[in-house]
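1. sharing a model that was predicted from the sequence below.
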Amino acid sequence: MTGSWPVERLTGTATELHSRDLPDVVERAAWVLEATAPAVVLGSSQPWVEVPDLEVCRRRSGGGAVLVRPGEVLWIDVLLPRGDPLWDDDVGRSAHWLGETWVDALSVGVVHAGEMVRTPWSSLICFAGVGPGEVLVDDAKVVGISQRRTRAGARFQCAVLRAWDSVELARIFAPGEWREVADALDRVAVGVADLPGLEAAFLGALAAR
């Protein structure tokens, strides 16, 4: 239990973790998820890809793909009931409070409060674009946030990378020009080395909300 946010720790394949449904009655909660095998997690509407030696699955929230490796991604889903004091009906503003919570945990960075910032690769790769509520450090994306809403509430899916692997993502999504694409991707995101420390800091910042 962290303040008014019960914390549940879940392990499984990326497919298993993403297939977990929102409960019929949503209450404040934080799910700390750990994938047991490497995977490429696609956004809800992007084209399917096959990747040799990697699990491929699809999440129900939007955005581009995230490369998930055990121990290399801090993956925390935050559940918020509709009607909560933090709830905002405006999807463009709804994750701002969550981004501010991540900034508190990081002790650095800014929350992107504008419209979606797109790049040539943002429809395919999550960290290649910046959405409302996501966190930037020196203009590089550090925290990715997507969300799925139901009548009962929202599941905000947050990802922070230990390292930004632009090369592997470029090889998957742009095999014919991966070197040029990797060079471009290098400038748009950055990793955070101390994920265990950040997890504790985030859960502490969340408890203060």
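-> Structure received.
2. give me the residues contacting the lengthiest helix in the chain.
-> Counting by DSSP state H, the longest helix found in the chain is helix 195-207. Contacts to helix 195-207, defined as C-beta atoms under 8 Å, 6 or more residues apart in numbering, come from residues 2-5, 7, 30, 32, 71, 73-74, 76, 78, 101-102, 104-107, 160, 162, 192. C-beta: built from backbone N, CA, C; applies to glycine.
3. tell me the pLDDT at the residue located most distally from the centre of the chain?
-> Most distant from the centre of the chain: Gly176, at 27.3 Å, with distances by C-alpha atoms, centre = their mean. You'll see Gly176 listed with a pLDDT of 95.
4. quick check: phi and psi on it?
-> Taking degrees, to the nearest 10, you get phi -80, psi -20 for the backbone angles of Gly176.
5. filter the contacts of helix 195-207 down to the buried ones.
-> 2, 5, 7, 30, 32, 73-74, 76, 78, 101-102, 104-106, 160, 162, 192 (16 or more other C-beta atoms under 10 Å).
6. from those, which land in helices?
-> Cross-referencing the buried ones among the contacts of helix 195-207 against helices under DSSP H gives Thr101, Trp102, Asp104, Ala105, Leu106.
7. nearest residue to the third one in space, please, no chain neighbours.
-> Excluding its sequence neighbours, the residue lying closest to Asp104 (C-beta to C-beta, 6 or more residues apart in numbering) is Ala205, at 4.1 Å.
8. count the neighbours of that neighbour for me.
-> By the criterion of other C-beta atoms under 10 Å, Ala205 has 18 neighbours.
9. and for Gly12?
-> Gly12 has 15 nearby residues by other C-beta under 10 Å.
10. do the same with the one 3 residues further on
-> By the other C-beta under 10 Å criterion, the neighbourhood of Thr15 contains 16 residues.
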